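1. Got a sequence here, can you model it:
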Amino acid sequence: MTYQQYNVMRLIDTTGPQPQAEVARHLVVTAPVVTRLAAALAEAGLVERQDDPNDRRAVILALTETGRRRARAMRRDLLAAARELLEPLPGDRRAAVAAALEELQVLLPGHSARR
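-> Residues are numbered from 1 along each chain as shown. From the prediction side, this is the model:
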């Protein structure tokens, strides 16, 4: 699985089913990129593409139960890897790195440090 595919799954897991256009906007990529990512995720059984009842041209992306479990397992693995990577640093340095990462996350379009 690519990092971009994981980001699509993470976003949907965090915010709930989303129109493909919103996923593209949040991830700051083009609509065709999300279409390709969604197709691969749907083929793997991780995402469902549903017609938007309010807009015939739009497609809503939702995680399957398998996709939800996979996204959450990957998040746990990524957080564990980050903890392992930062563990050798003294506590004050770890706190400084965490603060810097949180600050960077706030600067990204469509992201919040509290997600």
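2. Longest helix in the chain, by number of residues?
-> The residue-count maximum for a helix in the chain (DSSP state H) belongs to helix 65-86.
3. For that helix, buried residues please.
-> Residues of helix 65-86 classed as buried by neighbour count (16 or more other C-beta atoms under 10 Å): 67, 70, 71, 74. Bear in mind the C-beta positions are built from the backbone N, C-alpha and C, glycine included.
4. low pLDDT regions in the protein?
-> Counting by pLDDT under 70, the low-confidence segments of the chain come to 105-115.
5. And the helices in this structure?
-> Taking DSSP H as the criterion, the chain contains helices spanning 3-15, 20-27, 31-43, 65-86, 91-107.
6. Which one, of those helices, ends up nearest to residue 58?
-> Ranking the helices of the chain by proximity to residue 58 (C-beta to C-beta) places helix 20-27 first, at 6.6 Å.
7. Counting by contacts, list what that closest one packs against.
-> Packing partners of helix 20-27 (3 or more C-beta pairs under 8 Å, 6 or more residues apart in numbering; DSSP states H and E): helix 3-15, helix 31-43, strand 55-63.
8. what's the most buried one of these?
-> Between these, the one whose residues have the most neighbours on average, counting mean count of other C-beta atoms under 10 Å, is helix 3-15 (a mean of 18).
9. Quick one: work out the angle between that one and helix 20-27.
-> For helix 3-15 against helix 20-27, the angle by axes from the mean of the first three to the mean of the last three C-alpha atoms, to 10 degrees is 110 degrees.
10. Not counting its neighbours along the chain, what's nearest residue 16?
-> Nearest residue to residue 16, sequence neighbours excluded (C-beta to C-beta, 6 or more residues apart in numbering): residue 62, at 7.8 Å.
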